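Student: turn this into a structure:
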Amino acid sequence: MNKALKLRDLTLRDGQQSQFATRMTQAQVDRVLPHYRKAGFYAMEVWGGAVPDSIMRYLGESPWTRLESIKAGVGGASKLTALSRGRNLFGYTPYPDSVIEGFCRNSVRSGIDIMRIFDALNDISNMTSTLKYVKENGGLADCAICYTVDPRFSRMDRIKALLSGKKLPGRLFDIPYFVARAKELEGLGADMITIKDMAGLIDPATAGHLIRALKDALSIPVDLHTHCTPGFGTASLPMAMANSVDIVDTVILPFSGGPAAPAYEIIQIFADRMGLDTGVDRAAVQAISDELRSIREDLAKFDQYKRMPPAFDIRNPALPPDVSRLFDDAIEAARADKPQVVLELCQRIAAFFNYPEPDDIVRVAQIPGGMYTNMMAQLKEAKLEQHLEEVLAIVPKVRLDAGVPPLVTPTSQIVGVQAVNCVVDKTQGKPFYSSVSKNFAELVKGTYGKTPWPVDPEFRLKIAGVREETPYDTSAYRKQDNPELPEFGGARLAKDEKEELLLELFPSVADKYLRSVRAREWEEWRAAHPPAPEPDIPNGPWPAEFWELDLAAYAGFVAQAGT
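Tutor: Below you'll find the model as predicted:
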C-alpha cells in the first residue's frame, strides 16, 4: 500500500492572490465548487490573506458570504483553510483578544476547519491567542513559521562593523532556529506545523534537510508551503517529499508557477512515481483546470506574466519521453540527496509547463517579489529608478537596524519602503533615516513584537523616541464606531457581529462597502414599500403621519437581508 501524501490546494486564495490580485468574483468561484466537492484534496485554502479586503474593495462582495458559499459548495469533502497574521489578523494593527476571539469564532462557524497562523517576526507570543481561540471553537491550529534567510553582508560591511565595534549576526535562520520554534508551537497545542516560504527562497537542499529535521523532532504533521518566483519551488517540494513531508501546498496548473506555488499536476506526477497516494480525483481536477483556463482569460488585465501553461490532462499524463525522463531522474537525485541536480532537472520541467523564467533579482537579493515590485514603484514615483541597485544594497543594513525581521508581509514592505526612503534622503543631501515611515518606527519600537536580533537602544531612541523595547498596549485599543445612518432609515452601519468585525479589521474599506450595502437594502425596502398615492382631500394635504415609513419593520428587513 502506498504511503499517503496530503495535498492542500491554494488555488482560490493564494493562487489567485499571487497571480491575479485576488480578483476572482463569487460567480467565478461558484463555477469550480461542484468539481472541488469531488476532487478530495485534504484541504483547500480559500480565505484570509488579501481575500476579505480585496473582494470588498474591488468587487463589492461580502467576505463572509464568500466563505459560507464555498463551505456550502464543498461540504465536508475538503477541510477549508484560512490564513491569519496572528495578533495582527490581516493588517498592521495588533488587536486585543476580544477582536481575535470574535474573528476566530465566526471564522470557524462560517466554515473554516484549519486556521494557518503566522507572525511576521516569528514571535510566538503573537500567535498564542489565535491558536487558543481557534481550538476552543473546534478548529485546527496550523502554526506557520515564516521561512527567511540571513542578510548578506559584504566583506567591507563586516570590516566596517568590526572597526566600529558593532556586532553583526552570524547564522540566525538556520535549521535549529526553525526546529526550536516548531517544537515550542507543538508544545502549545499546534495541530500541524507549516514552513511558510512566501518568497520562494527555500532551495532544494535546505528543503530536504529542514523537513527531515522537523520530522525527527515533531510528532505532528509537517507542511511545506513555497512559491516558484526564484525558480526553486518545483524542486524543493520533491526534495521535501523524498524526506517524508506530510503535506505540500499546490495550485491547479492554470493558476500555478511564477509568483504562485507549483502545480498540483507536477506534484501528482512526482507522487505517482514515488509511490505516494494523494487520494485526489483526477477527473474532478481536470474539470477545475478547464474552468480555470477560461477564468484566467477573463482575468487577463490582472495577469502580470500572461504565460498560460499548456493544456495538460492529468487523467492521462502523457509526457514526451525526454520530459518523462526528467521526472525519473529528479526522483533518483532527490533520493540520493543531490539537490543541485534536482534543481536543474526541475527547472527544465517548469520550462516544459511554460512557467516564467526564475526571477534572478529575487534569488540574488533574497527578497520577496512583492517587496521588489513595491520598491520599484516607490522609486519610479520619486523618479529615482536608477538607484535600484543602491536600494538593494542597503536592504541588509536597514533590516539589521530593525532587528533582522523575516522579510514577509508586512515586515518586507516596511523594510523595503524604509530602504527607499534612505536612498531618497541621500539624493537630497540628508543623512539616512531623515525620513522615517510610521510603520518602521513602530517596528523598531517593538509594537509588532520581539525581533530576532536586538535593536540598538540608541537607534531605537533616534527612530522611535524610546530606548527600551515597548510592546503594543492593547488596553489603548478603541473599537470602531458603528453609527446609525439616517439617510438609510436609521440602520446601523454594521448590522451584526460579522460586519462589526469587518469594520474592526478593515476600517476604511469596510465603511465604504457597508454603506453601499445599506444603501442597496434601503432602495430595496423603498421599492417594496412605496407610499400610497395621496388621496384627493378637498380641505388640504394628507396628514404628515401618513408618509412616515414603518422603520421598525425596515429594521427587521435589514436584520434578515443578505449581504
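Student: CA atoms only: put stretch 245-257 into CSV for me.
Tutor: Taking Å, rounded to 0.1, in the frame of the first residue of the first chain, the C-alpha atoms of stretch 245-257 are listed here in CSV:
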residue,chain,number,x,y,z
VAL,A,245,6.9,15.6,4.4
ASP,A,246,3.3,15.0,5.4
ILE,A,247,1.5,17.8,3.4
VAL,A,248,2.6,20.0,0.5
ASP,A,249,0.7,23.1,-1.0
THR,A,250,-0.1,23.2,-4.7
VAL,A,251,-2.1,25.2,-7.2
ILE,A,252,-4.0,23.8,-10.1
LEU,A,253,-2.0,24.2,-13.3
PRO,A,254,-3.6,27.3,-15.0
PHE,A,255,-3.0,29.4,-11.8
SER,A,256,0.4,27.9,-10.9
GLY,A,257,4.0,29.0,-11.4
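Student: that one - what's its average pLDDT?
Tutor: Stretch 245-257 shows a mean pLDDT of 97 in the predicted model.
Student: then stretch 389-407?
Tutor: Stretch 389-407 carries an average pLDDT of 91.
Student: mind listing the strands for this protein?
Tutor: 3-4, 6-9, 43-48, 79-84, 114-117, 140-146, 192-197, 222-226, 247-250, 276-277, 484-485, 491-492 (DSSP state E).
Student: would you turn those into TSV with distance to residue 531?
Tutor: In this view, the C-beta of every residue, glycine as well, is placed from N, C-alpha and C. Shown next, in TSV, are these (distance: least, C-beta to C-beta, whole Å):
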stretch	distance to residue 531
strand 3-4	65
strand 6-9	52
strand 43-48	42
strand 79-84	45
strand 114-117	49
strand 140-146	54
strand 192-197	57
strand 222-226	58
strand 247-250	57
strand 276-277	66
strand 484-485	21
strand 491-492	19
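Student: let me have those in CSV, adding mean neighbour count and distance to residue 522 as columns.
Tutor: Shown next, in CSV, are the strands of the chain (neighbours: other C-beta atoms under 10 Å; distance: least, C-beta to C-beta, whole Å):
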stretch, mean neighbour count, distance to residue 522
strand 3-4, 12, 53
strand 6-9, 24, 40
strand 43-48, 26, 29
strand 79-84, 25, 32
strand 114-117, 26, 35
strand 140-146, 26, 41
strand 192-197, 25, 43
strand 222-226, 26, 44
strand 247-250, 26, 43
strand 276-277, 17, 54
strand 484-485, 13, 8
strand 491-492, 22, 7
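Student: what's the closest of the ones you listed to residue 368?
Tutor: Closest approach to residue 368 among the strands of the chain (C-beta to C-beta): strand 192-197, 9.8 Å.
Student: quick one on the thing from earlier: please name whichever of the strands of the chain is nearest to residue 290.
Tutor: Residue 290 lies closest to strand 6-9 among those, at 15.8 Å (C-beta to C-beta).
Student: direction included, what does that closest one pair up with?
Tutor: Applying DSSP bridges, strand 6-9 is found paired with strand 43-48 (parallel), strand 247-250 (parallel).
Student: to residue 133, which of those strands lies closest?
Tutor: Nearest of the strands paired with strand 6-9 (C-beta to C-beta): strand 43-48, 14.7 Å.
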